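> This is the structure alone, sequence omitted:
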């Protein structure tokens, strides 16, 4: 598939998807949502880590309010269920870890697009804003699910009611993102993080993600049972055998993701 709104690269196990509508701060229009869903699903089968980032000075400014005519007449429920939901599920259900490399402003649905990733790495000049209430809407694109789990109920409520800009440093302090790094180091850092995951035990990563997510709703007994089940699976992998051997031989492991 050819992509008009994205730039796609895949090399050495790292798949990078760059939102590429810099003239509108990478706002999400219908075409971009469809292309992004397809790219995530397709690329996720061929690489060992996915990276989502933006072109220009923004990561993503959210919904393109100029897309499709009068924004007030758009069928929002249909748009969310048929276009946003598959896109977010493609991130959440990806078979490999997903990094959001937030290079600039992430607003509205753009902020929540980033928060759907497993790890968010941000440049220090970037910011996050739940801008929905400014136009009389509620947060969507998974924001009411992800944000309170990341920063707690009280902070999520304040962020959504006041719709104030949250700096990258504040986001890192609150636990909304993994790290905020100096702009000059940003690309090197996220590429290094992506390289680390691409070289790691892919199946273990998949089950770490599964276990952590389940732990948000499971009781202790259920979670201990799941841990035992997933650990049994991990113990049968080639990567586990290689990891133990590398430890005993005092060398770096050569994981193969199987």
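Received, thanks. Quick caveat: nothing in here was measured; it's all calculated off a predicted structure.

> ranges for the helices of the stretch 151-258 of the chain?
Taking DSSP state H, counting those that start in this stretch, the helices of the stretch 151-258 of the chain run over residues 153-162, 168-174, 186-198, 202-215, 220-235, 238-248.

> Same list (those) but as TSV, adding mean pLDDT.
Output for the helices of the stretch 151-258 of the chain, formatted as TSV (pLDDT from 0 to 100):
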stretch	mean pLDDT
helix 153-162	98
helix 168-174	98
helix 186-198	98
helix 202-215	96
helix 220-235	96
helix 238-248	95
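
> what would the ones you listed look like in JSON lines with mean neighbour count and distance to residue 51?
The way it works is simple: take the backbone N, C-alpha and C, and place the C-beta from them, glycine included. As requested, the helices of the stretch 151-258 of the chain are exported to JSON lines (neighbours: other Cβ atoms under 10 Å; distance: least, Cβ to Cβ, whole Å):
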{"stretch": "helix 153-162", "mean neighbour count": "15", "distance to residue 51": "25"}
{"stretch": "helix 168-174", "mean neighbour count": "19", "distance to residue 51": "17"}
{"stretch": "helix 186-198", "mean neighbour count": "18", "distance to residue 51": "5"}
{"stretch": "helix 202-215", "mean neighbour count": "17", "distance to residue 51": "14"}
{"stretch": "helix 220-235", "mean neighbour count": "12", "distance to residue 51": "25"}
{"stretch": "helix 238-248", "mean neighbour count": "14", "distance to residue 51": "22"}
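
> among those, which is nearest residue 124?
Proximity to residue 124, assessed across those by Cβ to Cβ, is greatest for helix 168-174 (5.3 Å).

> Residues contacting the closest one, please?
102, 120, 122-128, 150-151, 155, 166, 177-180 (Cβ atoms under 8 Å, 6 or more residues apart in numbering).

> Which one of the helices of the stretch 151-258 of the chain lies nearest to residue 67?
Nearest to residue 67 among those is helix 153-162 (23.4 Å), distances taken as Cβ to Cβ.
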